[in-house]
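S.K.: Give me the fold of what follows.
(chains A and B)
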Protein chains: 2
Amino acid sequence: MNRIESVKNPLIKKVKRLHKRKYREKEQLFIVEGFHLVEEALKHNARVKEIFLEDEAELPGGFDFSYVHLTLVSHQVMKEMSMTETPQGILAVCEHKDDDSVSIQLQKEDSFLFVDGVQDPGNLGTMIRTADAAGMTAVILGEGTVDPYNDKVIRATQGSLFHIPLIKGDLEDWIKRCKESGIPVFGSALEEGTTHSAIASQEGFALIVGNEGAGVNSEWLERCDQIIYVPIYGEAESLNVSVATGILLYHLKASL
Amino acid sequence: MNRIESVKNPLIKKVKRLHKRKYREKEQLFIVEGFHLVEEALKHNARVKEIFLEDEAELPGGFDFSYVHLTLVSHQVMKEMSMTETPQGILAVCEHKDDDSVSIQLQKEDSFLFVDGVQDPGNLGTMIRTADAAGMTAVILGEGTVDPYNDKVIRATQGSLFHIPLIKGDLEDWIKRCKESGIPVFGSALEEGTTHSAIASQEGFALIVGNEGAGVNSEWLERCDQIIYVPIYGEAESLNVSVATGILLYHLKASL
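M.R.: Below you'll find the predicted structure:
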């Protein structure tokens, strides 16, 4: 195995460029850090291209690494590539998922989370983790949503990024497709519409959740079958969007 | 109004010491940053002792500042005191809430969130915000839980810190008090017990949620009336603890 000690090595510089969204999109690559996440990537057949290991670090066991380019690096080099303050000694470079190109044939029992412009990476990552836990069919990322390959998103997904299709899409188009397939579309708002607990659980559904400040675009809300909200009983102005998403998804799924 | 330009000013140094939990506890003080949070503190009668303002910054309107020590500071001094990278120009020093000393007379319609060793400040803050939104009576912070006066907790509460009593307490004692008052105590676990959706909504209740890794201490689980969990339908190993808390609190409260 090759060993790199210089932070000026061109391969290391190339990885470091992936800290920026622009390069992640140009190269269609992203960074996955830490033993657990790299193991999840391998387990779920993410297209792992490179793995960098610190000298003392271990590779996850039970995988075929013949298609992966493995490189040993010094601690200094790992720190240079890492986006965390205390790198865990293993870092992988993966190709973007190709979920965008999958043309899903919608079934009326499918369930989708539509994300409209969520900006906080921790929120988006937690929402992907929750959508996975709730057994959703896919997460659709509308325009203006933070890059799902941002390191903080990936960390917050705890691996769910590799479990569930993530599709960058036009929400208008997706709302239309759902309606054509008999899938009811629920829009979430702060206090308009119907209290969530008054809605029965659904066989299939799509739920649109929106930006932390602005909420769901009113154009999409107008196209929804129903607008729902989680009531506030206390003095908080609102719920965190990933908590509200969890409450709504699990309520709509409840009796499955 | 006094104006401080030197980061070596003893008052500034004293504020900076409050970045550490040790000093926050010794002095029984904490820092609140930004216009919205300082306004929430004033609105909800938090004991605001000092307010520091950058030259161009505004004070929230409509409050009596005669009991507050106001100081103008340079941008450099504000940066020194602030725990954020881009300070918002206003920072307050408040006394700890005295909720600990309040002896709440439990009623059977009261509802409590018991927090057992949650470590992530963002999670605790979001849980306090959710408990406020759900109209809980109080949040009880068991041993090993992150300091609620940590800056990241405060930010994540979005002001709910000032809306709902936060009590550092012995969970064993609180479980006992609930039982004596006819308040059912639910413990949350990863996959033991009863699916949450099989539990009816409750007039009053206490819910115990636990540490991100270890969950709720088994000693407390044994004392619960019922153990409940949020089912995982997909491939995620678990839900984020603040999301699970939201799902459970709103389910138990649902039909109120």
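
S.K.: Residues of chain A that sit close to chain B?
M.R.: Contact residues, chain A versus chain B (Cβ under 8 Å from any Cβ of the partner chain): A:44, A:122, A:126, A:129-136, A:156, A:158-160, A:163-164, A:197, A:230, A:232-240, A:242-247, A:250-251, A:253-256. (C-beta placed from N, C-alpha, C; glycine too.)

S.K.: I'd like to know which of the residues you listed are buried.
M.R.: Those of the residues of chain A next to chain B that meet the buried threshold are A:122, A:126, A:129-136, A:156, A:158-160, A:163-164, A:197, A:230, A:232, A:234-236, A:238-240, A:242-247, A:250-251, A:253-254, by 16 or more other Cβ atoms under 10 Å in any protein chain shown.

S.K.: which ones among the residues you listed are found in helices?
M.R.: A:122, A:126, A:129-133, A:156, A:242-247, A:250-251, A:253 (DSSP state H).

S.K.: Can you name the residue of the stretch 51-200 of chain A nearest chain B?
M.R.: The stretch 51-200 of chain A approaches chain B most closely through A:G135 (2.8 Å), counting by Cβ to the nearest Cβ.

S.K.: what pLDDT does that residue get?
M.R.: On pLDDT, A:G135 comes in at 96.

S.K.: Could you do the one 5 residues further on as well?
M.R.: What the model reports as pLDDT for A:I140 is 97.

S.K.: Next, the contact list for it, please.
M.R.: A:F112, A:L113, A:F114, A:V115, A:I167, A:K168, A:G169, A:L171, A:W174 (Cβ atoms under 8 Å, 6 or more residues apart in numbering or on different chains).

S.K.: The closest residue to the residue of the stretch 51-200 of chain A closest to chain B other than its chain neighbours and B:F30, how far apart?
M.R.: Excluding its sequence neighbours, the residue lying closest to A:G135 (Cβ to Cβ, 6 or more residues apart in numbering or on different chains) is B:Y233, at 2.8 Å. As judged by Cβ to Cβ, to the nearest Å, B:Y233 and B:F30 stand 41 Å apart.

S.K.: likewise A:I4?
M.R.: 46 Å.

S.K.: Pass me the low-pLDDT residue ranges in chain A, would you?
M.R.: Flagging of chain A using pLDDT under 70 yields the residue ranges A:101-102, A:254-256.

S.K.: which residues in it form helices?
M.R.: Using DSSP H, helices in chain A cover A:10-17, A:21-27, A:35-43, A:75-81, A:121-133, A:151-157, A:171-180, A:218-223, A:241-253.

S.K.: Which other helices and strands does the fifth one contact?
M.R.: Going back to what we said before, that points to helix A:121-133. The contact analysis (3 or more Cβ pairs under 8 Å, 6 or more residues apart in numbering or on different chains; DSSP states H and E) places helix A:121-133 against strand A:111-116, strand A:138-141, helix A:151-157, helix A:241-253, helix B:241-253.

S.K.: give the contact list for A:E58.
M.R.: A:F35, A:I90.

S.K.: Just read off the phi/psi values of it.
M.R.: With angles defined as degrees, to the nearest 10, A:E58 sits at phi -110, psi 150.
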